[in-house]
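In: Generate a structure from the sequence data that follows.
(chains A and B)
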Amino acid sequence: LAKTTQPISMDSYEGQEVNITCSHNNIATNDYITWYQQFPSQGPRFIIQGYKTKVTNEVASLFIPADRKSSTLSLPRVSLSDTAVYYCLVGDDPTDKLIFGTGTRLQVFP
Amino acid sequence: GAGVSQSPSNKVTEKGKDVELRCDPISGHTALYWYRQSLGQGLEFLIYFQGNSAPDKSGLPSDRFSAERTGGSVSTLTIQRTQQEDSAVYLCASSLRASGADTQYFGPGTRLTVL
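Out: Numbers count the residues shown, from 1 in each chain, chains lettered A, B, ... in the order given. Now for the predicted structure:
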């Protein structure tokens, strides 16, 4: 049963790069790693997903080391609108309940 | 088409009453998930459906909670004899398949307040 651990909160300033790391020591061979973003009073929304190495899209990058026991979400040049809670989700088999971690509350300051 | 919708958006009820929360998933999505989120907390998984079947109901917090899905589409989460600790936002999500490889699309949630 994959379980994730993330920092509870992080602070940053506009224009900086933010890296949020998620630990998932019990990740299984078939598990994917997915990151979601949640704004207040809204449901989470998909940011990025990866299985191994590095994935990049228009909003973020995801770095996954060879052992896959952790992953790092990288947000380049954050803005105030990136203030949100970020969740790391690990799983493949739905019997693992696709457990969301506690989330990391990112606060971006001007 | 449209995203995941949930109704009602807000529900205020008295302790001991039953409530029904509805989720309309994205058309064609076979998997549907229910989560609960208390104020300032993370997401607590409740149950998922693959088609109309719920293979694992162990995430439901008590036997007062039940859920069903009909026609592989709409799902209803029912809470009987509501308690104040049931107050939370109930989120529904759907995905193409019940797999961690498939993106979950979340609805706006139903905010339940039990007085």
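In: Residue A:45 reaches residue A:37, doesn't it?
Out: Yes - using C-beta atoms under 8 Å, residue A:45 makes contact with residue A:37 at a distance of 5.7 Å. Placement of C-beta: from N, CA and C, glycine included.
In: Could you pull out the strands in chain B for me?
Out: B:5-7, B:10-13, B:19-24, B:31-37, B:44-50, B:65-69, B:75-79, B:88-95, B:105-106, B:110-114 (DSSP state E).
In: Now the ones you listed in TSV, please, with extra columns for mean pLDDT.
Out: Output for these, formatted as TSV (pLDDT from 0 to 100):
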stretch	mean pLDDT
strand B:5-7	96
strand B:10-13	97
strand B:19-24	98
strand B:31-37	93
strand B:44-50	90
strand B:65-69	96
strand B:75-79	98
strand B:88-95	95
strand B:105-106	94
strand B:110-114	97
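In: In contact with residue B:16, which residues?
Out: B:81-82 (C-beta atoms under 8 Å, 6 or more residues apart in numbering or on different chains).
In: ok so, going back, same drill for residue A:45 and residue A:37, tell me which one is more crowded.
Out: residue A:37 (21 against 15; other C-beta atoms under 10 Å in any protein chain shown).
In: what helix or strand does the more buried one sit in?
Out: Taking DSSP states H and E as the definition, residue A:37 sits inside strand A:32-38.
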